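Student: this one's structure only:
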Ligand SMILES: [Zn+2]
């Protein structure tokens, strides 16, 4: 039983860093957007009565915050309706002075406020906090864009870098979305395909959840008819 839920951005540069600094049940989406992962957080905290803390790791040079800033600057048409609804609209009517201010101040505040609503929804006391990761401090090897992939996992205490390796994907090249239901991840997947131009989408399969994988695959196919999601065993 975990005592902590660790929420992060899906960014390809983060799994190794997060794995080194935080243990617990891992959850991730574009931008560490708590409002869009609320159902997952509430369900996990209700299931696991040992959970005493939820920590959200936002970061600098965040692609999702780049999209938020870009949309505010008049380019919302570049983004699909799903990510507009789940991420961009969260920041509508808010103000910030530029990308840096958005990432270091506004996003921290937005995510903390969303986290503070969780304990009442779960029905018990849970500590919440937001930490900022300086992405520039992470050593990231040069990787060709053609190797970038999106790995979709269920929330788990297992090591994310290990899941990336088991899926046959490359460290620092793999965006990771970790939510209970793939239907909660459609905006993040849309952003990854349309705006980050990631070619491969891989559904991580655990032996215990094969039936779930089939329904996830159908959900993906109906949301993105041109997508050919792959499957890989990650346990
Ligand atoms: Zn990010």
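Tutor: That came through fine. Since the model is a prediction, treat every value here as computed from it, not as a measurement.
Student: What's the mean pLDDT across stretch 50-64?
Tutor: Computed over stretch 50-64, the mean pLDDT rounds to 98.
Student: now swap in stretch 128-139 and tell me
Tutor: Averaging pLDDT along stretch 128-139 gives 97.
Student: Which residue is the nearest non-sequential neighbour of residue 72?
Tutor: residue 91 (6.9 Å; CB to CB, 6 or more residues apart in numbering). (Glycine included, C-beta is placed from N, CA and C.)
Student: Would you mind listing what in the chain touches the ion?
Tutor: Residues of the chain lying close to the ion by CB under 5 Å from the ion are 9, 11, 62, 64.
Student: Can you list the buried residues in the helix or strand bottoming out on mean pLDDT in the chain?
Tutor: Ranked by mean pLDDT, DSSP states H and E, the weakest helix or strand in the chain is helix 210-223, scoring a mean of 89. For helix 210-223, burial by neighbour count (16 or more other CB atoms under 10 Å) applies to 212, 213, 216, 217, 219, 220, 223.
Student: Thought residue 205 was touching the second one, still the case?
Tutor: Yes: taking CB atoms under 8 Å as the contact criterion, residue 213 and residue 205 are neighbours in contact, 4.9 Å apart.
Student: what residues do those two have in common as contacts?
Tutor: Counting by CB atoms under 8 Å, 6 or more residues apart in numbering, the contacts common to residue 213 and residue 205 are residue 231.
Student: The residue positioned nearest the centre of the chain and residue 139: what is the separation?
Tutor: Centre of the chain computed as the mean C-alpha position; nearest residue by CA atoms, centre = their mean is residue 29, 1.6 Å away. Counting by CB to CB, to the nearest Å, the gap from residue 29 to residue 139 is 25 Å.
Student: where exactly do the helices run in the protein?
Tutor: Taking DSSP state H as the test, the helices found in the chain are 15-21, 38-47, 63-70, 81-86, 99-101, 107-116, 118-122, 160-166, 186-194, 210-223.
Student: how distant is the least confident helix or strand of the chain from the center of its chain?
Tutor: Relative to the chain's own centre, helix 210-223 is displaced by 19 Å; criterion: CA atoms, centre = their mean, to the nearest Å.
Student: who are the neighbours in contact with residue 183?
Tutor: residue 219.
Student: I figured residue 227 was touching residue 220, is that so?
Tutor: Yes: with contact defined as CB under 8 Å, residue 227 reaches residue 220; the gap is 6.1 Å.
Student: tell me, what's touching these two both at once?
Tutor: residue 201.
Student: Show me the shaky parts of the protein.
Tutor: Low-confidence segments of the chain (pLDDT under 70): none present.
Student: if you set the cut-off to 80 instead, what comes out?
Tutor: Residues of the chain that meet the criterion pLDDT under 80 lie in 1, 207-211.
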